[in-house]
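*Asks:* Provided below for reference: sequence and predicted model.
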Amino acid sequence: MQFGIAGLSLAAKLLLVQVGEIIDRDIPAVIALWERCDLTRPWNDPLRDLNLARATSDAVVLVGYVGEELAASVMVGFDGHRGCVYYLAVDPEQQGSGLGRAMMDAAEVWLSSQGAPKLQLMVRETNSAALGFYDRLGFERQPVVTLGKRIGGRREAPADLIVQHEPSDGEAARRLTAALDRELCERYPELVFGDDPSGLTASGGEFFVGYLEGEPVACGAFRPAPDGSAEFKRMYVSLTCRGRGLGRAMLDHLEGEARKAGYTRAVLTTGPRQPEALALYATSGWRRMASPPDGMVDLHSVNMEKFLATPR
């Protein structure tokens, strides 16, 4: 469905905004927009959210173009009882121009076409700017309590996890990767582990350390692979901190940083004696590759890949 301008408000017409359903080539720009607007969270994969919405006829992702620029988005769904809105985003440089109102108008047009009698949405109590925006659009605060429950084994990472970009040969990085190598040696005593910590940065890689209460407890990295993918490396969580969602938080962070760096595909190598890692990757959308990147079969390796965004 293409909305054009005819069915929208005066604000939309003045903006000459073109609103329509998302297409494949819009996906990288939409995810980048969400990240600029601080809408993404480590426990929510934006690409997964987009794919889920696009896979059903009960939801739509709308994008707004001003000229040639993708400047706004909104995700809309109808469950047969009420309509809901998520991921309303406007480029920070164009906020306050009426573009947010135009996207909400488009959301209401779509919901009306589905027969939805009411639209509702959720806003964090601390987001005073958003609350004021929706107040001006005529939304009323409802005397209800919103309840939620994570299903499918996914849960939010600790709110106090802080992930920082650091050199791969820094003190925290060396401490964590040394612990990783010791654990790998215990699981694969027939192999030798111990990469040069400075080698990752030298090869154009990026290294990240996760901190809890000032203590380094997790790490992960990526570097350019020969085929242009992002090769994920050095994923590790301290033994005393496992089972708290830190591994998934670090993986999600790496995926987000790789997207920002322009990668559309990521690859990694783990091992058959690391069932926790295999489960984490499988439940995060990674899949086993049909054959190793170099064509050489290694019984100690499991090669996996994930598409981070649809290539342009």
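*Replies:* Received, thanks.
*Asks:* just so I have it, where are all the helices in the chain?
*Replies:* 10-15, 27-36, 46-54, 99-113, 128-136, 171-187, 197-202, 246-260, 275-282 (DSSP state H).
*Asks:* Would you tell me which of these gets closest to Leu212?
*Replies:* helix 246-260 (7.8 Å; CB to CB). C-beta here means a position set from N, CA and C on the backbone, and glycine is covered the same way.
*Asks:* who touches the closest one?
*Replies:* Contacts with helix 246-260, where a contact means CB atoms under 8 Å, 6 or more residues apart in numbering, come from 28, 31-32, 35, 40, 42-43, 45, 154, 157-158, 161, 163, 165, 206, 208, 210, 212, 217-222, 230, 232, 235, 237, 266, 276-277, 280-281, 284, 306, 308-309.
*Asks:* give the contact list for Arg174.
*Replies:* Pro197.
*Asks:* From Cys185, how far out is it?
*Replies:* Separation of Arg174 from Cys185 (CB to CB, to the nearest Å) stands at 16 Å.
*Asks:* Kindly report the same for Gly138.
*Replies:* Taken as CB to CB, the span from Gly138 to Cys185 is 63 Å.
*Asks:* which of the two has more neighbours?
*Replies:* Cys185 (14 against 6; other CB atoms under 10 Å).
*Asks:* The more buried one contacts Phe193, correct?
*Replies:* Yes: look at Cys185 against Phe193 with CB atoms under 8 Å: they come within range, at 5.6 Å.
*Asks:* the strands in the stretch 201-312 of the chain, which residues?
*Replies:* Here the stretch 201-312 of the chain has its strands, by DSSP state E, counting those that start in this stretch, at 206-212, 215-224, 230-237, 265-270, 287-288, 302-307.
*Asks:* Out of those strands, which is closest to Gly77?
*Replies:* strand 302-307 (23.9 Å).
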